[in-house]
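1. Here is a sequence together with a model predicted from it:
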Amino acid sequence: MAIKVGVVGAAGYAGVELVRLLISHPDFELTAITSNADAGQSLASVYPAFAGVCDLAFTTHDDPIIKTCDAVFLAVPHTAALAAVPGLLAAGVSVFDLSADYRLSDPAVYEKWYATPHTSPELLATRTFGLPEIFAEDLAGAAVRHAAGEATLVACAGCYPTATSLGAYPAIDAGWLDDGAVVIVDAISGVTGAGKSANARTHYCSADECVEAYGVCKHRHTPEIEQILGLPDHVVFTPHLAPLKRGLLSTINIPLAEIPAQELTLDMVVERYREFYEGRPFVRVLDAGQMPKTSSVAGSNACQIGLALNKTARMLVVTSAIDNLCKGAAGQAIQCANVVFGLDERRGLPLIAMPV
Ligand SMILES: NC(=O)C1=CN([C@@H]2O[C@H](COP(=O)(O)OP(=O)(O)OC[C@H]3O[C@@H](n4cnc5c(N)ncnc54)[C@H](OP(=O)(O)O)[C@@H]3O)[C@@H](O)[C@H]2O)C=CC1
Ligand SMILES: CC(=O)N[C@@H](CCC(=O)OP(=O)(O)O)C(=O)O
């Protein structure tokens, strides 16, 4: 029997990417898509890409059909998820939340970075963090609880934290980081990362032919990256906006301790990364000397990682590319849902980008 799913916030950029992927998912049946702005309109009239393939129409965010789903994907801004999650879980619906509301495990950290009270901090103890390649055991535990009849909350990792953590984690986990050193992250996102509503930074005339840093030393993804890597107050994160629709590239500079820096070769680093991601279908560690580009992952759920070693400066430089809307948002949420529902994590997810 098909698993009934709904998307709240389906007319937004992450939401419509969920819709694109869920329509062709072999095990999930998309039964509800919500948008207050577009309520009553057909999906195809708002997004003509769906003409002839889907008869669904948008209903409002409070449509009761949402609570009849087996799982709901929340593609809504932070704080909107806080308002929706407790009611969905109480109705027995599993929730895959793309917002940041349940990502940070300490509510005080959330309140500091998001400048808003956390209204259901008790759920933070039991929620699962949705980054399958790093928190596989947590997701497997959620799958067991789900099979026993428990509604599950998965807080899917953010886009910059996904690319950055997948790039940094194998080195940090190997103990290569110099004691007390700071990890420096410079990342670039396409404009869909900022959502559907244009603002002074993202409207065409500002974003086209322009690259700029923003949120410098104060971006809300800093504590999320620190939490995943286990490095509180030791990440400097600088995001940039680039004139791309889709794509996110994160370059991570990891200062190495003396001993790994002396002993490591680039081939050994590549081998360590490949061992770490063995059996993980979406992460590809490139050969030594190759660096990823956003066009190699756009439209897919892949993350490509390139590695370089500067032995004199004792620095490992990692570059990690994802599609912000897919592996950075919708694809990752579906990957998590696949695991929670006991399916192969690849179900319904594109492995390969458009090559040109
Ligand atoms: N864009 C990206 O690359 C990524 C986005 N995310 C996260 O996904 C979420 C959605 O982002 P994105 O698609 O970019 O944003 P958009 O602005 O494109 O879309 C937001 C959607 O949320 C809906 N919405 C707004 N307010 C509420 C509310 N109070 N209750 C319910 N729904 C509401 C809107 O509905 P309506 O149609 O009525 O306006 C709209 O459909 C955010 O939390 C974002 O941080 C995560 C990773 C990457
Ligand atoms: C380009 C751009 O503006 N990107 C957004 C991050 C993308 C996003 O939606 O953030 P989450 O992954 O936390 O949900 C930003 O910097 O706030």
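-> That came through fine. Ligands and ions are numbered 1, 2, ... in the order given.
2. Apart from its chain neighbours, what residue comes closest to residue 216?
-> residue 238 (5.4 Å; Cβ to Cβ, 6 or more residues apart in numbering). C-betas here are computed from N, CA, C, even on glycine.
3. ok, now which ones touch that neighbour?
-> 185, 186, 187, 213, 215, 216, 217, 219 (Cβ atoms under 8 Å, 6 or more residues apart in numbering).
4. could you redo the last one with a cut-off of 10 Å?
-> By Cβ atoms under 10 Å, 6 or more residues apart in numbering, the contact list for residue 238 reads 184-188, 213-217, 219, 222, 251.
5. ditto for residue 324
-> Contacts of residue 324 (Cβ under 10 Å, 6+ apart): 13-14, 17, 158-160, 162-163, 189-194, 244-249, 294, 297-298, 330.
6. Would you mind measuring from it to residue 273?
-> To residue 273, residue 324 is 22 Å away according to Cβ to Cβ, to the nearest Å.
7. now do residue 23
-> From residue 23 to residue 273 the distance is 34 Å (Cβ to Cβ).
8. which one of these two has more residues nearby?
-> Taking neighbours as other Cβ atoms under 10 Å, residue 23 and residue 273 compare with residue 273 leading, 23 against 16.
9. which SSE is that one in?
-> Residue 273 belongs to helix 266-276 when assigned by DSSP states H and E.
10. Can you list the buried residues in that helix?
-> Going by neighbour count (16 or more other Cβ atoms under 10 Å), the buried part of helix 266-276 is 269, 270, 272, 273, 274, 276.
11. Relative to residue 228, which of those is nearest.
-> Closest approach between the buried residues of helix 266-276 and residue 228, by Cβ to Cβ: residue 276, at 14.3 Å.
12. ok, back up a step: off-centre distance for the helix holding residue 273?
-> 24 Å (Cα atoms, centre = their mean, to the nearest Å).
13. Now do that helix: everything it contacts.
-> 133-134, 166-167, 169-171, 173-174, 176, 256, 260, 264-265, 283-290, 305-309, 311, 316, 318.
14. Tell me which of these fall in strands.
-> In strands, defined here by DSSP state E, the members of these are 283, 284, 285, 305, 306, 307, 308, 309, 316, 318.
15. Neighbours of the first one, how many?
-> Using other Cβ under 10 Å, the number of residues around residue 283 comes to 23.
16. pretty sure it is in contact with residue 300, am I right?
-> No. Counting by Cβ atoms under 10 Å, residue 283 does not reach residue 300; the two are 11.7 Å apart.
17. Name the residues contacting each of the two.
-> Each of 322, 327 lies in contact with both residue 283 and residue 300 under the rule Cβ under 10 Å, 6+ apart.
18. Residue 32: what secondary structure?
-> Here residue 32 is recorded as strand under DSSP: H, G, I helix; E, B strand; the rest coil.
19. near ligand 2, anything from the longest helix seen in the chain?
-> Criterion DSSP state H: the longest helix present in the chain is helix 159-173. Yes. Contact of helix 159-173 with ligand 2 (Cβ under 6 Å from any ligand atom) involves residue 159.
20. same question, stretch 109-127
-> No. Applying Cβ under 6 Å from any ligand atom, one finds stretch 109-127 separated from ligand 2 by no less than 9.9 Å.
21. which residues touch the closest residue to residue 168 other than its chain neighbours?
-> Among residues not flanking residue 168 along the chain, residue 252 sits closest, at 4.8 Å (Cβ to Cβ, 6+ apart). Residues in contact with residue 252 (Cβ under 10 Å, 6+ apart) are 163-169, 171-172, 183-187, 225, 229, 235, 237, 305, 316-320.
22. What strands line up against the helix or strand residue 187 falls within, and which way round?
-> For residue 187, the element it lies in under DSSP H and E is strand 183-189. Strand 183-189 sits in its sheet next to strand 235-241 (parallel), strand 248-255 (antiparallel), going by DSSP bridges.
23. Now the buried members of the contacts of residue 238.
-> By 16+ other Cβ under 10 Å, the contacts of residue 238 give 184, 185, 186, 187, 188, 219, 222, 251 as buried.
24. Next, format these as a markdown table and append distance to ligand 1 and pLDDT.
-> Shown next, in a markdown table, are the buried ones among the contacts of residue 238 (distance: Cβ to the nearest ligand atom, whole Å; pLDDT from 0 to 100):
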| residue | distance to ligand 1 | pLDDT |
| --- | --- | --- |
| 184 | 22 | 98 |
| 185 | 16 | 98 |
| 186 | 18 | 98 |
| 187 | 12 | 98 |
| 188 | 13 | 98 |
| 219 | 12 | 97 |
| 222 | 15 | 98 |
| 251 | 18 | 98 |
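25. Need the residues you listed in CSV (columns: distance to residue 125).
-> Shown next, in CSV, are the buried ones among the contacts of residue 238 (distance: Cβ to Cβ, whole Å):
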residue, distance to residue 125
184, 32
185, 28
186, 34
187, 30
188, 35
219, 26
222, 23
251, 34
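26. Roughly how far does residue 48 sit from residue 23?
-> According to Cβ to Cβ, residue 48 and residue 23 sit 14 Å apart.
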